[in-house]
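>>> predicted model follows, preceded by the sequence.
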Amino acid sequence: MKIVCLEANCLGTDVDLTCLEQFGEVVVYGSSTQEVTPERVKEAEVIVVNKVPMNETTLSEAKNLKVICVTATGTNIIDTEYVNARGITVMNVKGYSTDAVVQHTFALLFYVYEKLSYYDNFVKSGEYAKYDIFSHFDKKFFELRGKTWGIIGLGEIGRGVAKIAEAFGCNIIYYSTSGKNNNQSYTQVTLDELLAQSDIVSIHAPLNEQTTDLIRAEELSKMKTTAVLMNLGRGSIVNEADLAEALENDTIAAAALDVLSKEPMAADNPLLRIKDSTKLIITPHIAWAAVETRKRVVDEVCLNMKAFLSGIERNIVK
């Protein structure tokens, strides 16, 4: 088989793709645009892809194409109607990043919740060396115990966050964006109730019609002024212009984001106005990107290919 990997750089240059060679000839591109893709996949029987749209424009010349392996869980890049009509199998990877995203959620939280950027700078600037007492209290922070943690999207990652937040003594409430999640372990509330009651709000939901622009100025105004908002779902769930204003006006205390509406970040993103790192941290979509996680993605793609060639149904996107 001819396997074309369109975006190897999305997995990192330290990730080994040689397991794909057991299935045939492998052609690897670091990155690909929609414009160059048709020529690159013309002879492909298998495409390994992450962000490039898979539709009639990019695939019409790929007459031998049998499988598209997406190196992610989300498959919004796929024109489902088109690939189904051609009988092309689409396979994704699932559950590969749960531990990493849960871990990153708490890394982001503590950075803003305990004002770590301020205290780090206080020491490194030399001010602590001149100080007259052993401690310093200018930026106040609080314990997690007894606080309410509201989770938007109680899937596998949301449940992982809930479990650890419970260990810190938090009260867990959640809002189901689909309306179908009914988890007996935690209290389900409306979105308005979650926003009003929560000290920490973390988003772990997919992007769809129900969640696009879910958090706007109106929703932010319902939150506590001491609350922290975290988004580890998809960028467009939070209106970034409204969030920037909310942070500037102290409507909420802080925000921590790993996802943005446009990635890489747009040069005119209003959140770039926020220079105070005790109020805002943004990481460049790395919650999933621990070394073990990225290697696991490749392993999962190879397991998907083995299953496909053996006639076993595994991670097939219907």
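Yep, it's here.

>>> mind listing what Trp149 touches?
Contact analysis of Trp149 by Cβ atoms under 8 Å, 6 or more residues apart in numbering lists 161-162, 165, 170-173, 198-202. For glycine as for every other residue, the C-beta is placed from the backbone atoms N, C-alpha and C.

>>> please parse this protein into its domains.
Domain assignment for the chain, taken from automatic domain parsing, gives 2-96+291-309, 98-282.

>>> looking at those domains, which is nearest to Asn315?
With Cβ to Cβ as the criterion, Asn315 lies closest to domain 2-96+291-309 of those, at 4.9 Å.

>>> the closest one spans what distance, first to last residue?
Using Cα to Cα, to the nearest Å, one end of domain 2-96+291-309 lies 14 Å from the other.

>>> what's the average pLDDT for it?
Domain 2-96+291-309 shows a mean pLDDT of 96.

>>> off-centre distance for that domain?
20 Å (Cα atoms, centre = their mean, to the nearest Å).

>>> same check on stretch 114-121?
25 Å.

>>> could you do stretch 185-199 as well?
Distance, centroid of stretch 185-199 to centroid of chain: 22 Å (Cα atoms, centre = their mean).

>>> give me the contacts around that stretch.
147-152, 154, 162, 172-176, 181-182, 201, 214, 219, 222-224, 226-228.

>>> next step: these restricted to strands.
The strands in this structure, assigned by DSSP state E, contain 148-152, 172-175, 201, 228 from the contacts of stretch 185-199.

>>> buried ones in the longest helix seen in the chain?
Longest helix in the chain, counting residues (DSSP state H): helix 291-309. Residues 293-298, 300-305, 308 are the ones in helix 291-309 that count as buried (16 or more other Cβ atoms under 10 Å).

>>> what do you get for stretch 37-45?
Under the neighbour-count criterion of 16+ other Cβ under 10 Å, stretch 37-45 has 37, 40-42, 44-45 buried.

>>> same check, this time on stretch 46-66
Buried-residue list, stretch 46-66, by 16+ other Cβ under 10 Å: 46-52, 54-55, 58-59, 62, 65-66.

>>> pull out the CA atoms of stretch 51-60 and give them to me as CSV.
Output in CSV follows, covering the C-alpha atoms of stretch 51-60 (Å, rounded to 0.1, in the frame of the first residue of the first chain):
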residue,chain,number,x,y,z
LYS,A,51,-6.0,19.3,9.9
VAL,A,52,-6.1,19.3,6.1
PRO,A,53,-9.8,19.1,4.9
MET,A,54,-10.7,15.8,3.4
ASN,A,55,-13.3,16.5,0.7
GLU,A,56,-13.9,16.4,-3.0
THR,A,57,-11.4,19.2,-3.7
THR,A,58,-8.5,17.4,-2.0
LEU,A,59,-9.5,13.8,-2.8
SER,A,60,-11.0,13.7,-6.2
